[in-house]
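Student: got a predicted structure plus its sequence, pasted below:
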Amino acid sequence: MGVRVQEEAFDVGRELAALTAGRVDVGAVASFVGLVRDRNDGQGISAMTLEHYPGMTQSALEDIVEQAKSRWDLLDVLVVHRYGRLVPGDSIVLVLVSSAHRGEAFSACEFVMDFLKTNAPFWKKEVTPDGARWVEARESDAAAVQRWDAS
Amino acid sequence: MGVRVQEEAFDVGRELAALTAGRVDVGAVASFVGLVRDRNDGQGISAMTLEHYPGMTQSALEDIVEQAKSRWDLLDVLVVHRYGRLVPGDSIVLVLVSSAHRGEAFSACEFVMDFLKTNAPFWKKEVTPDGARWVEARESDAAAVQRWDAS
Amino acid sequence: MSVRILFFASLREKLGVGAEDVSLPDGVDTVGKLREFLAQRGGDWSSISVDTRLRAAVNQRMADATMPVGEGDEVAFFPPVTGG
Amino acid sequence: MSVRILFFASLREKLGVGAEDVSLPDGVDTVGKLREFLAQRGGDWSSISVDTRLRAAVNQRMADATMPVGEGDEVAFFPPVTGG
């Protein structure tokens, strides 16, 4: 289990290999990679800066992982989130969840992303042709978190 | 978009890099890797053989991918499924789905796995201390497919 | 009418045959009728008409009992799939 | 009572300050009261008490208006998060 907040890029293949190395009890690994797109809300994006709240980001992500582990029978979880300057095509975030069976891995991976989107203190500032702008939080992200209350 | 049925191992990092290489419109990649466990239904597993129906496997997987692409707004989908002899810790199947947004990528990735489990002609034969046995289909896999009817 | 019939996995092992070319009498023109035709061989073959879990494919597409079977078709029988 | 206050993202830019150590008068002992106290500075600070979208954390944990604030605490204010 691990949470890392870092400026450097991550290597999904290497992280996945590390998660399963030497293990024979893993039946399923669900993963998610979020990337910088060249468009958002109808405008071209040439770069973005990801600001975060050092100290709190780590504990906020660890808290989300703990919640996931208490809801599902998971073997391991890794969250890597970058900060700093990124350009379109760059990876932002990686979530890896291993479990004996696929249902738990899928659910937990999506759960971690949904809560990360609303509870982890990161803020995106995009560079557009009209200048830099802070990304607005989406209603859909708040809704995505709320549906986990019901399940 | 691609479907591959092969005996060789696959490299998740390389496949993921190929899926997103040179693209700046991908916001989300959801993925799934299924692996051989050393236990199943209460028995130790030392190896397994995956039999398939050559010709049909390819088209069955392509059909599942097409269904996923008609249901969600996806950028790319890759399915790689192995056959032949595998041991615990080996990867069996890889599903990669790229999309602009995470919700579609997660749903489509799980949809492909659920339908693959019931519609793609692969059969597992496990080697246990009591001898070889064919894996029985699970009721839970049939149920997993049916829930997509409602959504 | 001549068709190619394939058997997979536990069914292949039970019957001891993976593929055969068969000439079908008139009237054996659906998956369901082909299952009954094969079951008439008796012994381990009997289960083909009664095993409700058995699946079929015609020309590499999943098929139910009503699916027509024609000259040159490839018809496969197999247990529920367990890949992934 | 002395606390450390942090501001992030668009709020940090609007206020022109990322962090400050502040001595609080008696009675300013919750996140809600701290928001009102800071808003009294006027100008761009006024929004801190009225912006319902503004989030707060006390000692690096998400906190609502009723959360107590004590000596030496680290209190952060920021807009809704947009990572991931």
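Tutor: That came through fine.
Student: what residues sit buried inside the lengthiest helix in chain C?
Tutor: Longest helix in chain C, counting residues (DSSP state H): helix C:31-39. Residues of helix C:31-39 classed as buried: C:Val31, C:Gly32, C:Lys33, C:Leu34, C:Arg35, C:Phe37, C:Leu38, C:Ala39 (neighbour count, 16 or more other Cβ atoms under 10 Å in any protein chain shown). The C-beta positions use only the backbone N, C-alpha and C, and glycine is treated the same way.
Student: do you know how far the third one is from C:Gly27?
Tutor: Using Cβ to Cβ, to the nearest Å, C:Lys33 is found at 7 Å from C:Gly27.
Student: before we move on, what about the last one?
Tutor: Here the distance between C:Ala39 and C:Gly27 works out to 15 Å (Cβ to Cβ).
Student: can you give me the helices for chain A?
Tutor: A:12-20, A:56-71, A:102-119, A:139-150.
Student: switch those helices over to a markdown table; also include mean pLDDT.
Tutor: As requested, those are exported to a markdown table (pLDDT from 0 to 100):
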| stretch | mean pLDDT |
| --- | --- |
| helix A:12-20 | 96 |
| helix A:56-71 | 97 |
| helix A:102-119 | 97 |
| helix A:139-150 | 91 |
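Student: so can I have CSV of these showing distance to chain B and mean neighbour count?
Tutor: Formatted as CSV, the helices of chain A follow (distance: least, Cβ to the nearest Cβ, whole Å; neighbours: other Cβ atoms under 10 Å in any protein chain shown):
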stretch, distance to chain B, mean neighbour count
helix A:12-20, 2, 17
helix A:56-71, 14, 19
helix A:102-119, 5, 23
helix A:139-150, 7, 12
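Student: redo those helices as CSV? Include distance to B:Glu136.
Tutor: Converted to CSV, the helices of chain A look like this (distance: least, Cβ to Cβ, whole Å):
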stretch, distance to B:Glu136
helix A:12-20, 26
helix A:56-71, 28
helix A:102-119, 17
helix A:139-150, 32
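Student: and of these, who's closest to chain C?
Tutor: In terms of Cβ to the nearest Cβ, the element of the helices of chain A nearest to chain C is helix A:102-119, at 8.0 Å.
Student: A:Ala100 and A:Ala28 touch, don't they?
Tutor: Yes: shown here, A:Ala100 and A:Ala28 form a contact pair, counting by Cβ atoms under 8 Å, at 7.1 Å.
Student: tell me the pLDDT at A:Met1?
Tutor: We have a pLDDT of 71 for A:Met1.
Student: so what's it up against?
Tutor: A:Met1 makes contact with A:Val65, A:Lys69, A:Asp76, A:Val77, A:Leu78 under the criterion Cβ atoms under 8 Å, 6 or more residues apart in numbering or on different chains.
Student: tell me the spacing between it and chain B.
Tutor: 18 Å (Cβ to the nearest Cβ, to the nearest Å).
Student: just the element for the residue of chain C found nearest chain A, please.
Tutor: At 8.0 Å from chain A, C:Gly84 is the closest residue in chain C, using Cβ to the nearest Cβ. Following DSSP states H and E, there is no helix or strand that holds C:Gly84.
Student: any idea how far the spatially most central residue of chain A lies from chain B?
Tutor: When chain A is reduced to its mean C-alpha position, the closest residue under Cα atoms, centre = their mean turns out to be A:Val93, at 4.3 Å. Between A:Val93 and chain B the distance is 10 Å, computed by Cβ to the nearest Cβ.
Student: now swap in A:Ala30 and tell me
Tutor: From A:Ala30 over to chain B (counting by Cβ to the nearest Cβ), the distance is 5 Å.
Student: quick check: beta-bridge partners of that residue?
Tutor: A:Val97, B:Phe32 (DSSP bridges).
Student: and it, what is it in contact with?
Tutor: Here A:Ala30 is in contact with A:Leu96, A:Val97, A:Ser99, A:Arg102, A:Ala105, A:Phe106, A:Ala108, A:Cys109, B:Ala30, B:Ser31, B:Phe32, B:Cys109 (Cβ under 8 Å, 6+ apart).
Student: circling back: report the distance from the longest helix of chain C to the chain centre.
Tutor: In terms of Cα atoms, centre = their mean, to the nearest Å, the centre of helix C:31-39 is set 7 Å apart from its chain centre.
Student: do the same with stretch A:39-55
Tutor: That offset, for stretch A:39-55, works out to 15 Å (Cα atoms, centre = their mean).
Student: right, quick check: that stretch against chain D, any contact?
Tutor: Yes: with Cβ under 8 Å from any Cβ of the partner chain as the measure, stretch A:39-55 is seen reaching chain D through A:Leu50, A:Glu51, A:His52, A:Tyr53, A:Gly55.
Student: fine by me, we can end here.
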